[in-house]
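A.B. asks: Build me a model from this:
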Amino acid sequence: MRTGIVYHPKYLEHEQSPTHPERRERLAYTLDQLMEEGIFDLENIVLLEPFEAEIQDVLEVHTREYVDFLIKTSETGGFIDLDTNVPVGLVDVALLAAGGAIRAAQAVIESEVDNAFAMIRPPGHHAKPHTGAGFCYLNNMAIMVRWIQKKGFRKVAIIDWDAHHGDGTQEIFYDDDSVLFISTHQMPLYPGTGYPYETGKGRGEGYTINVPLPPGTSDEGYFYVFEKVIEPVIQEFEPDFIAVSAGQDNHFTDPITGLALTAKGYAEIMKRAVNLASELCEGRIVTVLEGGYSVEHALPYTNLGIIAAMAGMDISNIREPENYLSELRWRKKYYATDRVVENVEEVRRIHSKYWECFGDD
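C.D. replies: Next up, the predicted model:
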C-alpha cells in the first residue's frame with residue numbers, strides 16, 4: 001500500500017512562542033524519529049510537497065471578514081484569544097497547512113498514493129467560519145472536505161479523535177447531511193462542547209455524533225467506541241471518502257489532557273479506519289494532524305504508528321520507550337471503562353432514531 005506524507009519545512013517556522021504547547025518541536029521530533037526508522041527510504045512511502053490553499057477554497061468554509069482579518073493581522077501581528085495569537089507572516093503558513101490537507105486528498109483522488117497523512121501545522125479543528133481559537137486559524141479539515149466534495153465525492157465521514165472536541169468542524173457541518181462528523185473527546189475539557197445531545201440541526205440532524213470520554217480512558221475504551229459507534233454508523237452511512245482529524249493529545253504523556261491512549265493504540269485505531277475505507281470507499285482515506293503536545297514522549301511514536309498502519313506495515317512492535325510506561329500506570333484508570341460503556345449506551349440511544357445500526361438498544 002502506497003502512503004503519502006505531506007510535509008514542508010515551512011511548517012517548522014510557525015511559532016506563537018518557544019514555550020507554547022503548539023510549537024515547532026511537535027514536528028521536529030517526529031521527523032527525527034521517522035528518519036531514524038528509515039521511513040522515507042521505503043518504496044511505498046511517498047513524500048508529497050504541499051501548496052498554499054486558494055483563497056476561494058478557504059472561503060468555502062470561512063467568512064470573507066475573517067480571512068481579511070488574518071491577512072491584515074499577519075502583517076503586524078495580533079491576537080485572536082489568550083491561547084491563539086497571530087504571529088507576523090501567519091497567513092502564509094496557515095494557507096500552506098490548509099493546502100497540505102488538500103494536497104493529501106488530491107494525491108489519493110488522482111491515485112498517486114492509496115492514502116495520505118497530512119503532517120501539517122498549525123492545526124485547525126477549533127477554527128469556526130468567523131474566527132480561530134484553540135491554537136487554530138483555518139479549519140484545514142473542513143477546507144479539505146469541501147474541496148473533496150467539489151471533486152464529486154459527496155458523502156464524507158470525518159472521524160475526529162483529538163482529545164479536545166472539534167467544535168469548529170462540528171459548527172461548519174452541523175446542518176449538513178452530506179458530512180458525517182464523529183468526535184471522541186475527553187470531557188470535561190476545553191472547549192466545553194461535544195455532548196451526546198449535540199446531534200446536528202435541520203437536514204444535518206443525526207449526522208453529528210459526539211462520544212465524550214472520561215479521563216483515564218485507555219486503548220480498550222477507544223476500541224470499544226470504534227466497535228459500538230464508529231464502525232457501524234460509518235458502514236451504514238456508506239461514505240465516498242473518509243477523513244481523520246488525528247489529534248494525538250489522547251496519549252498518556254500529554255501534558256494538557258488526561259487520557260491514556262498508547263502509540264500502539266493509535267496504530268490500531270488507524271488500522272481500523274483504513275479497513276473501513278477499504279471496505280466502503282475503495283480505500284480513500286486522508287489523515288490530518290491536529291493536536292498533540294507531548295513533543296518528545298508521544299508524537300514521534302504515535303505519528304510513526306499512524307503512518308505504519310496506513311501503509312499496511314506490521315504494527316505489533318509499535319511502542320514507546322519502556323521508561324515512559326510508568327506514566328501510563330498512573331494515568332490509566334480502569335474504572336473509566338465502565339463510564340465509557342455508559343456513554344456509548346447513551347450515544348446509541350440518542351442516535352437510534354437516526355441510524356438503524358443503533359436500533360437494537
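A.B. asks: any idea of the pLDDT on Asp361?
C.D. replies: In this model, Asp361 is scored at 54, pLDDT.
A.B. asks: now swap in Leu96 and tell me
C.D. replies: 98.
A.B. asks: what number of residues lie near it?
C.D. replies: 23 (other CB atoms under 10 Å). In short, each C-beta sits where N, CA and C put it, glycine included.
A.B. asks: any chance you could map the strands in the chain?
C.D. replies: 3-6, 45-48, 78-81, 84-86, 115-118, 156-160, 179-186, 208-213, 241-246, 285-289 (DSSP state E).
A.B. asks: now for the ones you listed, which one comes closest to Trp330?
C.D. replies: Nearest of these to Trp330, taken as CB to CB: strand 179-186 at 16.6 Å.
A.B. asks: helices or strands up against the closest one?
C.D. replies: strand 156-160, helix 167-173, strand 208-213, helix 231-237 (3 or more CB pairs under 8 Å, 6 or more residues apart in numbering; DSSP states H and E).
A.B. asks: circling back: redo the strands of the chain as JSON lines? Include distance to His125 and mean pLDDT.
C.D. replies: JSON lines is the format used below for the strands of the chain (distance: least, CB to CB, whole Å; pLDDT from 0 to 100):
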{"stretch": "strand 3-6", "distance to His125": "17", "mean pLDDT": "98"}
{"stretch": "strand 45-48", "distance to His125": "21", "mean pLDDT": "98"}
{"stretch": "strand 78-81", "distance to His125": "15", "mean pLDDT": "95"}
{"stretch": "strand 84-86", "distance to His125": "13", "mean pLDDT": "96"}
{"stretch": "strand 115-118", "distance to His125": "13", "mean pLDDT": "98"}
{"stretch": "strand 156-160", "distance to His125": "6", "mean pLDDT": "98"}
{"stretch": "strand 179-186", "distance to His125": "9", "mean pLDDT": "98"}
{"stretch": "strand 208-213", "distance to His125": "13", "mean pLDDT": "98"}
{"stretch": "strand 241-246", "distance to His125": "5", "mean pLDDT": "98"}
{"stretch": "strand 285-289", "distance to His125": "8", "mean pLDDT": "98"}
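A.B. asks: now the ones you listed as TSV including mean neighbour count?
C.D. replies: Below are the strands of the chain laid out as TSV (neighbours: other CB atoms under 10 Å):
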stretch	mean neighbour count
strand 3-6	26
strand 45-48	18
strand 78-81	14
strand 84-86	19
strand 115-118	29
strand 156-160	26
strand 179-186	26
strand 208-213	25
strand 241-246	27
strand 285-289	30
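A.B. asks: Serialize those strands to a markdown table and add fields for distance to Phe226.
C.D. replies: Converted to a markdown table, the strands of the chain look like this (distance: least, CB to CB, whole Å):
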| stretch | distance to Phe226 |
| --- | --- |
| strand 3-6 | 21 |
| strand 45-48 | 25 |
| strand 78-81 | 33 |
| strand 84-86 | 31 |
| strand 115-118 | 18 |
| strand 156-160 | 9 |
| strand 179-186 | 9 |
| strand 208-213 | 10 |
| strand 241-246 | 12 |
| strand 285-289 | 14 |
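A.B. asks: quick one, which of the ones you listed is nearest to Gln149?
C.D. replies: Per CB to CB, nearest to Gln149 of the strands of the chain: strand 156-160, 6.6 Å.
A.B. asks: so that closest one versus strand 285-289, what angle?
C.D. replies: 40 degrees (axes from the mean of the first three to the mean of the last three CA atoms, to 10 degrees).
A.B. asks: check contacts around Leu90.
C.D. replies: Shown in contact with Leu90 (CB atoms under 8 Å, 6 or more residues apart in numbering): His14, Leu70, Thr73, Ser74, Tyr137.
A.B. asks: Assess the claim that the first one and Glu25 are in contact.
C.D. replies: No - with the criterion set as CB atoms under 8 Å, His14 and Glu25 do not qualify as a contacting pair; they are 12.0 Å apart.
A.B. asks: With respect to Glu322, which of the strands of the chain lies nearest?
C.D. replies: Closest among those, once you apply CB to CB, is strand 241-246, at 24.9 Å.
A.B. asks: Walk me through which strands that closest one pairs with, and which way each runs.
C.D. replies: strand 156-160 (parallel), strand 285-289 (parallel) (DSSP bridges).
A.B. asks: Let me have those in TSV, adding distance to Ser316 as columns.
C.D. replies: Below are the strands paired with strand 241-246 laid out as TSV (distance: least, CB to CB, whole Å):
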stretch	distance to Ser316
strand 156-160	23
strand 285-289	20
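A.B. asks: Out of those strands, which gets nearest to Glu112?
C.D. replies: Using CB to CB, the nearest of these to Glu112 is strand 285-289, at 12.3 Å.
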